[in-house]
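Participant: Build me a structure from this.
(2 chains)
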2 protein chains.
Amino acid sequence: MLILLTNDDGVFAPGLRALRKELLKLGKVVVVAPAQEQSGVGHSITLHSPLVVKPIDDDDGSDLGHMVEGSPADCVKLAILELLDRPPDLIVSGINAGSNAGINVLYSGTVAAAIEGAFFKITSVAISLESAEHFDYPHAARHAAKVIERIMANRPEPGSLFNVNLPAHVRGEPRGVKVVPMGLGRYGEGFERRRDPRGRTYYWMTYKPPFHLEGTESDVSALTQGYITVTPLHFDLTRAEALEPLTRWDWSGVGATRDGSPGR
Amino acid sequence: MLILLTNDDGVFAPGLRALRKELLKLGKVVVVAPAQEQSGVGHSITLHSPLVVKPIDDDDGSDLGHMVEGSPADCVKLAILELLDRPPDLIVSGINAGSNAGINVLYSGTVAAAIEGAFFKITSVAISLESAEHFDYPHAARHAAKVIERIMANRPEPGSLFNVNLPAHVRGEPRGVKVVPMGLGRYGEGFERRRDPRGRTYYWMTYKPPFHLEGTESDVSALTQGYITVTPLHFDLTRAEALEPLTRWDWSGVGATRDGSPGR
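Facilitator: Below you'll find the predicted structure:
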């Protein structure tokens, strides 16, 4: 099995290193990851500047893969289209320093890399570790590899997309796996207003857990309870049930007029 | 009606300016937009640096709103939580220089701003104009305002999310409005490999329209045919139909062992 490993914390991040060690037991692992930390970049791509790519070696001098001066999504595109000899059987993104659950999934570079993999119809898994004072990546990587092994053992359709969150080790061993939907509640962010020495106003984003844990179980609530969460994702943002009602709205007079002549 | 107007091309972009002029006929418009162009940033947010905010005036000295040294999503958060006296009735993002159709929707800072608005349960509309040698923003803004007027006339549920693409003027007047799903085909990107004067390898992303226009109609195909496209979006990335099958997979031995003792 050929595994492409990427992340959004940068090629030298300890989460990626720990996960690579475990994934080597499952197959050949090639790393293509950003040169710098890219947290909070979401699904950005680099259109207006060139992507500089450098090969990187492991500590023992063996070939590790490539670092890319770009986003996680750039890395996946470049790996598949240019850097790998053949398309990987699996793309893994992580381990991210901090969970990617609830609507934060939409901000996540870690998940974006996995979505990019799904665009290419390659099964892709995003792995994130809940924040704690100390990130125990080797511990998390062992659990992550087990989850990945189970996913592949079930032979998912190519292009399947999974978002996996691991509870922090400080909670003890994970209580097991829960398959849960993505939480839809808004986080309780706020801003702290300050003034710089020259009198300019600036703001720091502050951050609280979601206001309400929704009635139904979600990745946010299950992670809080100490479970490993597995959420199947898709990238179809169409709100399908709204298509038909919207078609019945009166759109006449927008664009060309009824007789086909140019509208004004 | 209080309208929050933002974009990802920056507060001084001509697309925003043209749209503001038309939106002023529908209500009060407050601009909160990025200080710099943010194209391709996707749904990024600024966590690790402060957001500097400056008030900006219109050419006649009247109050236009604020510019923010951050992403489109930052702008929407800051506007709602700090800068506006009350939540807006509508958020409009655009007019973007270039369409945001198909899977490009996931890369789009323009759409991300609208999604951020939907997080706050405010009706939000992203507006993008197909690329052409010349962007005719005043023309596009007239059509965009009509579409927005129709959307609001139908009193959508608060938090409804719409992605609107306008065909380039060079195609003539739009042929009308089509309500269509987001296309799911991959674009035919590739990379051009080059060497810099010091021998380093770098790549430029190249870009082609999607390989196949899917069998079913989509925003991509309808825009190509010269229609204004309206696509209702959601931000729930859960692939709901996969939840139940995944629950039946064998997850035993991942995390705590069956008897509740710590797994290894």
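
Participant: From now on I want contacts and neighbour counts done on CA atoms only, so please keep to that.
Facilitator: Noted.

Participant: Can you verify my assumption that residue A:190 contacts residue A:207?
Facilitator: Yes. Residue A:190 is in contact with residue A:207 according to CA atoms under 8 Å; the separation is 6.3 Å.

Participant: Looking at those two, which has the bigger crowd around it?
Facilitator: Using other CA atoms under 10 Å in any protein chain shown as the criterion, residue A:190 and residue A:207 rank with residue A:190 on top: 16 against 12.

Participant: Okay, that one and residue B:109: tell me how far apart.
Facilitator: 21 Å (CA to CA, to the nearest Å).

Participant: Ok, residue A:55 next?
Facilitator: From residue A:55 to residue B:109 the distance is 31 Å (CA to CA).

Participant: Between the two, tell me which one has more neighbours.
Facilitator: Remark: of residue A:55 and residue B:109, residue B:109 carries more neighbours, 31 against 13, as counted by other CA under 10 Å.

Participant: pretty sure the more buried one contacts residue B:8?
Facilitator: Yes. Here residue B:109 reaches residue B:8: they are 5.5 Å apart, a contact under CA under 8 Å.

Participant: so what strands line up beside the lowest-mean-pLDDT helix or strand in chain A?
Facilitator: Lowest by mean pLDDT, DSSP states H and E among the helices and strands of chain A is strand A:201-206, with a mean of 88. Its sheet considered, strand A:201-206 pairs with strand A:190-195 (antiparallel), strand B:51-57 (antiparallel) by DSSP bridges.

Participant: could these be laid out in CSV, adding mean pLDDT and distance to residue A:28?
Facilitator: Output for these, formatted as CSV (pLDDT from 0 to 100; distance: least, CA to CA, whole Å):
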stretch, mean pLDDT, distance to residue A:28
strand A:190-195, 90, 44
strand B:51-57, 92, 43
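
Participant: Mean neighbour count, those strands: which tops it?
Facilitator: strand B:51-57 (a mean of 17; mean count of other CA atoms under 10 Å in any protein chain shown).

Participant: List the contacts of it.
Facilitator: Where contact means CA atoms under 8 Å, 6 or more residues apart in numbering or on different chains, the residues beyond strand B:51-57 that reach it are A:200-204, B:63-70.

Participant: Can you tell me the SS state at the spatially most central residue of chain A?
Facilitator: For chain A, the residue nearest the mean C-alpha position is residue A:111 (1.2 Å; CA atoms, centre = their mean). Classification of residue A:111 by DSSP: H, G, I helix; E, B strand; the rest coil places it in helix.

Participant: And it, how close does it get to residue A:94?
Facilitator: Distance, residue A:111 to residue A:94, by CA to CA: 9 Å.

Participant: shared neighbours, the two?
Facilitator: residue A:126.

Participant: Could you count how many residues lie near residue A:247?
Facilitator: 14.

Participant: near chain B, which residues of the stretch 51-200 of chain A?
Facilitator: By the rule CA under 8 Å from any CA of the partner chain, the part of the stretch 51-200 of chain A lying against chain B is A:51-54, A:78, A:81-82, A:103, A:106-108, A:119-120, A:143, A:146-147, A:150, A:154, A:172-182, A:184-186, A:190-191, A:200.

Participant: Just the ones of those residues in strands?
Facilitator: Those of those mapping onto strands are A:51-54, A:177-179, A:190-191, per DSSP state E.

Participant: re the thing from before, let me have the strands paired with strand A:201-206 in CSV, extended by distance to residue B:235.
Facilitator: Shown next, in CSV, are these (distance: least, CA to CA, whole Å):
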stretch, distance to residue B:235
strand A:190-195, 21
strand B:51-57, 25
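
Participant: Ok, which of these comes nearest residue A:13?
Facilitator: strand B:51-57 (26.3 Å; CA to CA).

Participant: What about residue A:157, how many residues nearby?
Facilitator: That count, for residue A:157 with other CA under 10 Å as the rule, works out to 11.

Participant: Against residue A:88, how distant is the closest residue to it other than its chain neighbours?
Facilitator: Nearest residue to residue A:157, sequence neighbours excluded (CA to CA, 6 or more residues apart in numbering or on different chains): residue A:123, at 7.4 Å. For residue A:123, the distance to residue A:88 equals 9 Å [CA to CA].

Participant: quick one: which of the two has more around it?
Facilitator: residue A:123 (25 against 21).

Participant: tell me the contacts of the more buried one?
Facilitator: So residue A:123 contacts A:89-91, A:117, A:156-161 (CA under 8 Å, 6+ apart).

Participant: again, only using 6 Å
Facilitator: A:90, A:158-161 (CA atoms under 6 Å, 6 or more residues apart in numbering or on different chains).

Participant: For it, what are phi and psi?
Facilitator: phi -60, psi 130 (degrees, to the nearest 10).

Participant: Could you list the residues in contact with stretch A:27-39?
Facilitator: The contact list for stretch A:27-39, computed with CA under 6 Å, 6+ apart, reads A:1-11, A:65-71, A:75.

Participant: Restricted to strands, list those.
Facilitator: Per DSSP E, the contacts of stretch A:27-39 map to strands at A:2-6, A:65-68.

Participant: now, the most widely separated pair of the residues you listed?
Facilitator: A:2 and A:68, at 19.7 Å, using CA to CA across the ones in strands among the contacts of stretch A:27-39.

Participant: Who has more neighbours out of these two?
Facilitator: Per other CA under 10 Å, whichever of residue A:2 and residue A:68 has more neighbours is residue A:68, with 24 against 17.

Participant: What ranges in chain A fall below the confidence cut-off?
Facilitator: Low-confidence segments of chain A, defined by pLDDT under 70: A:38-43, A:208-215, A:257-264.

Participant: hey, where'd the helices end up in it?
Facilitator: Residue ranges of the helices in chain A, as given by DSSP state H, are A:14-23, A:72-78, A:109-119, A:137-153, A:219-224, A:243-247.

Participant: winner for burial among the ones you listed?
Facilitator: By mean count of other CA under 10 Å, the helices of chain A have helix A:109-119 as the most buried, with a mean of 30.

Participant: tell me which strands and helices that one is in contact with?
Facilitator: Secondary-structure packing of helix A:109-119 (3 or more CA pairs under 6 Å, 6 or more residues apart in numbering or on different chains; DSSP states H and E): helix A:72-78, strand A:124-129.

Participant: Between strand A:2-6 and that helix, find me the angle.
Facilitator: Here helix A:109-119 runs at an angle of 140 degrees relative to strand A:2-6 (axes from the mean of the first three to the mean of the last three CA atoms, to 10 degrees).

Participant: Many thanks, we can stop here.
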